[in-house]
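Chemist: here is the input, now give the coordinates:
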Amino acid sequence: MCWDELYPVIKTQAYYAVLRYEEPERRKDKIQELVCQSYEKFVRDTAADKEIKKQEYKCFVTQRAKQVDQRSICKKGYGGTSTIDVLSFYRRRPDVDTEIVEFDEWMKPWKKEAVEEQISFNIDFKDWQQTLTKQEKTILSHLMQGYKAKDIADILQLTYQAVRTIISKLKQMFLEYFSLEEFAYP
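Modeler: Residues are numbered from 1 along each chain as shown. Coordinates of the predicted model:
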């Protein structure tokens, strides 16, 4: 594949990668930068007798666009390119339908709701722990630390089957205490 065949693919990919910029001049600069970097890669790949694949170059342009954004954040701080810009063009293609949603509008209610649910779950979880026996609490704490049933049996000097039975009982008690009806949304 020659550069003349690859150039339209790269130019289109670069165009969609920089759609997030409002200023046309900035878009042109970024497109030029991405095309030049792609050409340099093409020259290196041709010299190394590598096979030229369109998809590989599409991915290269998208990756470079993200790296350029991250680099400009580091240089300019948050006054420059924001971190949201990196997300704004992810998987943006002419054949994929995209819905434009303001980032702030999209994040605020979810964040608040998630915090409230987390606080509610922590309170309920502590209440549930109060219903456990000392041995069940010990096994649960070991499970939360990442130990497997066999290791817990060795540590607590219990049989493997006894530990498995208690773990099954804990799972069942947990599911009964936190039934799905409780978390159903109106």
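Chemist: could you use CA atoms for every contact and neighbour count after this?
Modeler: OK.
Chemist: mind listing what's buried along stretch 47-64?
Modeler: Buried residues in stretch 47-64, counted by 16 or more other CA atoms under 10 Å: Y57, K58, F60, V61, T62, R64.
Chemist: nearest to I139, of the residues you listed?
Modeler: T62 (47.7 Å; CA to CA).
Chemist: how about the contacts made by the closest one?
Modeler: Q13, A14, A17 (CA atoms under 8 Å, 6 or more residues apart in numbering).
Chemist: highest neighbour count among these?
Modeler: Each of these was scored for neighbours by other CA atoms under 10 Å, and A17 scores highest at 28 neighbours.
Chemist: ok, that residue to V35 distance?
Modeler: Remark: distance between A17 and V35 (CA to CA, to the nearest Å) = 12 Å.
Chemist: and what of K126?
Modeler: Taking CA to CA as the measure, K126 falls 57 Å from V35.
Chemist: check which helix or strand covers T46.
Modeler: Using DSSP states H and E, T46 sits in helix 24-47.
Chemist: for that helix, packing partners?
Modeler: Here helix 24-47 touches helix 3-17, helix 54-76, going by 3 or more CA pairs under 8 Å, 6 or more residues apart in numbering; DSSP states H and E.
Chemist: ranking the ones you listed by mean pLDDT, which is last?
Modeler: Per-stretch mean pLDDT for the helices and strands packed on helix 24-47 is lowest at helix 54-76 (a mean of 67).
Chemist: any idea of the pLDDT on the closest residue in space to A153 that isn't next to it in sequence?
Modeler: Closest residue to A153 apart from its sequence neighbours, by CA to CA, 6 or more residues apart in numbering: Y160 at 5.3 Å. In this model, Y160 is scored at 92, pLDDT.
Chemist: and the one 5 residues further on, by the same measure?
Modeler: What the model reports as pLDDT for T165 is 92.
Chemist: same check, this time on K111
Modeler: For K111, pLDDT reads 48.
Chemist: how many other residues sit next to D127?
Modeler: Other residues close to D127 by other CA under 10 Å number 12.
Chemist: before we move on, what SS does it have?
Modeler: Following DSSP: H, G, I helix; E, B strand; the rest coil, D127 is assigned to helix.
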